[in-house]
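Visitor: Have a look; sequence and predicted model below, questions after that.
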Amino acid sequence: MEVCQRSFALGTLALLSIHGIQAGHTGVTPSLPSRWIEREAAGMMLISSDMPDDGYAPSIGNGFLSGDAGCPPDHQISGSCGIIHVGGVFNNRGVPNRADIPNPFAAEVESGEYVAAAMDIELGIFYQQWIVPCGTTDQVRVTTSLYAHRGNRSALVFDISLGGDGHVQTPIACTIKLRPCSGTAPSFQSLRDFSTVQVSDGPVPAFVLTVQHMEQPPVWSQMPHVLPTQVGVAYTPLPTHVTLTSTDPTASFVAAFRTSLEAEHPGDPSFREAHLAALAAHDVSIYESATADDVYRAHTDAWADVWQGGVELEGNITIAATVQSSLYYILAAVRSDWPFGLSPGGLTHDSYEGHSFWDCETWMFPNMVALFPDIAFSLTEYRRLRLQAARERAWHHGLGGAMMPWESALLGFGVSTWTDADEHEIHITGDVPMAFRLFHDMQRNDTWLRENAWDLVRDCANYFASRVVRHNATGNWTLLNVIMPDEGAYIRNSSAYTNAIAAETMRYASFIGQTFGLPTQENWTTIADSMYLPIIDINGTRIHPEFEGYSIKVRPYINQADVALMQYPLGLPMEKEIAVNDLLFYQERSSGPGTAGFYTGDSAYSIAWLQMDNRSAADAQFDIAFSHMDLSHFNVWREKNFSDGGHKNFITGAGGYVQNYIFGYAGLRYNRAPAAVGMTIHPYLPPHNVTSLKLRGIAVAAARVSVKYNADGQFSAELLSGPAIQVCNVDSVCQVCVLLSTMCARCVCCCRNVGHCSACVLLQRS
């Protein structure tokens, strides 16, 4: 499906026709298993009659390990197919890249009639089904399933079973032939990214893989040399033929992946060499002694614990499934007990070499804060634990504080293939502390703010304070020689967004210091209050220029939202006229020749419009998202909606898309004032016949609360866990204020444009 233009001036029916978004349409046939049909109808499963091209297969991941599922239709293995990645494991191919490990279960049934493939986007399980001949008896159904175990992060599980909806005849015995996706069995020898030592060649082969070229600190760094990362792998091999019977209808196979990165202390011998392979083999033995049902239940129970938070939609199951799948693909790449960041291509793909940069903090992290706070904490830990590298980067440039890396891998130094970005795209040094600010706005854990966040926020503020210079014409403070979010503009002076986020970072550092009596720099607020953010007139329209010297002639089109980011997510106060002009002026320039169809910052436009209660403008921007999903298969995201689609499994786009629901249409905002702990909801229903929206398990301080509203104007709230909280429903402006307070009068502290409460309900768990 090619949708190459970003002009969506179409009616709803035309838009739905283009993208195949039909309310209540499942596209299923009676031959599918009833369980699949039920799961699809619930918006929890995606079903396809064929496998998509390489790159668009769904991810099976648990945040520690991840890979593509299934075989491509032409069996031409390339890209990420047949590959497993372990979070944090990189091999330096000029710059660190995710290190490719063969997937021992990249296989499928060789003969028979293909029924369909299905991805369970709640439980992270990929299924395929065939109808195969079985001796002289009638044909039978054979189903394979593949999943990365959410409970035991090291385990990859492959099951092959007879039957489905009562198709097994008794008694029966069938021999099923399996075919590797690549045509030959996966080999752990002669790997591109690892040297290999086979530790065991018995029934459970075990290997130690050592990365060929380890990322090392730069020569100017004071950090010590780093030992090469190792991975221990053990698995039960897939035979070429599997015999299944009606009394023993399932065969299970398990692989385990352990890494030296799990050691509490680097170099711990119990997590290296043969010991590491023994750990993997031990994990396999545990699963071999359990039943397939027990392994499955432990996996689904672990996912149920993760899914305390979520977004539920009614009225259009197809739309609901796009939200669920977007969240799942992000969660497949991250977990609370493995703090190794998020990359634009997730953990499955080597997109952007698997590096973490602002995509994590700006587009994916806010969803984790609202729905999965333990995972959000792990993402803050990724940055905090690498602060020393950022400090050394600032020192190397003769500056103070900490210079966050534009792209980072294991150690926290800048490792981008585009070295200019590592040197000049410094807004990341503001993006990270702004993410920390959002986390504290939700969590309100002052101990975390002082002991975990303060050093990073302070050092980022000091970096900006040491780098600013006076603007020649006005005397304001500004930043020179920077690359902005609109990267195609290259190196410029006085980027509006970079200046704005630098000012906000210094203000936030000053706020923390003053609140908790911590030492601050007097010039933080002085600089922030005098940052250069001019207004210019272009053809009678007053706007913020993207950079010094900006004009339509100089930069007629832009790569992605840039100036608009000052409104969302930064929340910079400005005149409404300027805010409207900025959005109107720049959004139409985010869709020109050579830039059309990149989905990164586009979601900022729709959320900013909703902040100003302009529903029609928001909907038009929101609809761009659907051309970036492979809706005909498994809703896998692509960076571009033209040509080859660019980077696949583009969870940066997934993150921005989900933010449209949480922070856009639901209008969730966490209060920042110290005396008003809580959040506001400013609800709209999303387009395309969505009749209700529920934010399930929103995190607010120590509580988890669900809120739901519908097309009839009904609003409800339910406390799921934590202390009793008060919900003030302000009907006059269709807003909701949730406070950790006992006085309804305090609702005025957090509800925008409201001076009273029309209804108060104390929520307590039953």
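Guide: Cool, the structure landed.
Visitor: list the helices and strands the longest helix anywhere in the chain packs on?
Guide: Longest among the helix segments of the chain by residue count, using DSSP state H, is helix 496-516. When contacts are defined as 3 or more C-beta pairs under 8 Å, 6 or more residues apart in numbering; DSSP states H and E, helix 496-516 sits against helix 428-443, helix 454-467, helix 523-528. In this view, the C-beta of every residue, glycine as well, is placed from N, C-alpha and C.
Visitor: could you give the angle of that helix to helix 428-443?
Guide: Angle of helix 496-516 versus helix 428-443, following axes from the mean of the first three to the mean of the last three C-alpha atoms, to 10 degrees, is 50 degrees.
Visitor: for residue 115, what are its contacts?
Guide: If you count contacts by C-beta atoms under 8 Å, 6 or more residues apart in numbering, residue 115 has them with 31, 32, 128, 129, 130, 131, 141.
Visitor: if you set the cut-off to 7 Å instead, what comes out?
Guide: With contacts taken as C-beta atoms under 7 Å, 6 or more residues apart in numbering, residue 115 has the following neighbours: 31, 129, 130, 131.
Visitor: Same question for residue 585.
Guide: 541, 543.
Visitor: mind running it again at 6 Å?
Guide: residue 543 (C-beta atoms under 6 Å, 6 or more residues apart in numbering).
Visitor: For the helix or strand containing it, buried residues please.
Guide: Using DSSP states H and E, residue 585 falls within helix 576-587. Using 16 or more other C-beta atoms under 10 Å as the test for burial, helix 576-587 gives 578, 579, 580, 581, 582, 583, 585, 586, 587.
Visitor: Could you do stretch 604-613 as well?
Guide: Result for stretch 604-613 [16+ other C-beta under 10 Å]: buried residues 604, 605, 606, 607, 608, 609, 610, 611.
Visitor: wait, isn't the second one in contact with residue 587?
Guide: Yes - counting by C-beta atoms under 6 Å, residue 587 is a contact partner of residue 605 at 4.8 Å.
Visitor: Is residue 271 in contact with residue 264, as I believe?
Guide: No - assessed by C-beta under 6 Å, residue 271 is found out of contact with residue 264, at 8.8 Å.
Visitor: quick one: buried residues of the longest strand seen in the chain?
Guide: Looking across the chain with DSSP state E, the single longest strand is strand 137-148. Buried residues in strand 137-148, defined by neighbour count with 16+ other C-beta under 10 Å: 140, 141, 142, 143, 144, 145, 146, 147, 148.
Visitor: Would you tell me what the next helix or strand after that strand is?
Guide: strand 155-162.
Visitor: chain center to the next helix or strand after that next one, what's the gap?
Guide: Using DSSP H and E, the helix or strand that follows strand 155-162 in sequence is strand 173-180. Centroid separation for strand 173-180 versus its chain: 37 Å, with C-alpha atoms, centre = their mean, to the nearest Å.
Visitor: Which secondary structure state does the nearest residue to residue 195 once chain neighbours are set aside sit in?
Guide: With sequence-adjacent residues excluded and distances taken as C-beta to C-beta, 6 or more residues apart in numbering, residue 195 is closest to residue 210, at 5.0 Å. Using DSSP: H, G, I helix; E, B strand; the rest coil, the three-state assignment for residue 210 comes out as strand.
Visitor: Can you give me the neighbour number for residue 210?
Guide: Residues contacting residue 210 under the criterion other C-beta atoms under 10 Å number 20.
Visitor: Contacts only, for it.
Guide: 195, 228, 230.
Visitor: Quick check: closest non-adjacent residue to the residue most central in space within the chain.
Guide: The geometric centre of the chain, computed from its C-alpha atoms, lies nearest to residue 330 (C-alpha atoms, centre = their mean), at 3.5 Å. Closest residue to residue 330 apart from its sequence neighbours, by C-beta to C-beta, 6+ apart: residue 651 at 5.0 Å.
Visitor: Any idea how far apart the tips of stretch 408-424 sit?
Guide: 15 Å (C-alpha to C-alpha, to the nearest Å).
Visitor: Report the buried residues of that stretch.
Guide: 408-416, 421-424.
Visitor: got a markdown table for those residues, with pLDDT too?
Guide: Conversion of the buried residues of stretch 408-424 to a markdown table gives the following (pLDDT from 0 to 100):
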| residue | pLDDT |
| --- | --- |
| 408 | 98 |
| 409 | 98 |
| 410 | 98 |
| 411 | 98 |
| 412 | 98 |
| 413 | 98 |
| 414 | 97 |
| 415 | 97 |
| 416 | 96 |
| 421 | 97 |
| 422 | 95 |
| 423 | 97 |
| 424 | 98 |
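Visitor: Find the pair from the residues you listed with maximum spatial separation.
Guide: Greatest spatial distance among the buried residues of stretch 408-424 (C-beta to C-beta): 410 and 424, at 23.1 Å.
Visitor: on that earlier part again, what's the angle from the longest helix of the chain to helix 454-467?
Guide: 130 degrees.
Visitor: can you start the count at 498 instead of 1 from here on
Guide: OK, 498 is where the count begins now, so the last one is helix 993-1013.
Visitor: and the angle for helix 993-1013 with helix 1073-1084?
Guide: Using the same axes, to 10 degrees: helix 993-1013 against helix 1073-1084 is 130 degrees.
Visitor: What lies in contact with helix 993-1013?
Guide: By C-beta under 6 Å, 6+ apart, the list of residues contacting helix 993-1013 from outside reads 924, 927, 930, 934, 947, 951, 954-955, 957-958, 961, 975-976, 979, 981-982, 1017, 1021-1022, 1024-1025, 1028-1030, 1041, 1043, 1059-1060, 1062-1063, 1069.
Visitor: swap in stretch 968-980?
Guide: Residues outside stretch 968-980 that contact it (C-beta under 6 Å, 6+ apart) are 918, 921-923, 965, 988, 990-992, 995-996, 1024, 1027-1029.
Visitor: Among the residues you listed, which one has the most neighbours?
Guide: residue 992 (33 neighbours).
Visitor: pLDDT score for that residue?
Guide: In this model, residue 992 is scored at 98, pLDDT.
Visitor: how close does the closest residue to it other than its chain neighbours get to residue 761?
Guide: Nearest non-adjacent residue to residue 992, counting by C-beta to C-beta, 6+ apart: residue 981, 3.9 Å away. Distance check for residue 981 against residue 761: by C-beta to C-beta, to the nearest Å, it reads 40 Å.
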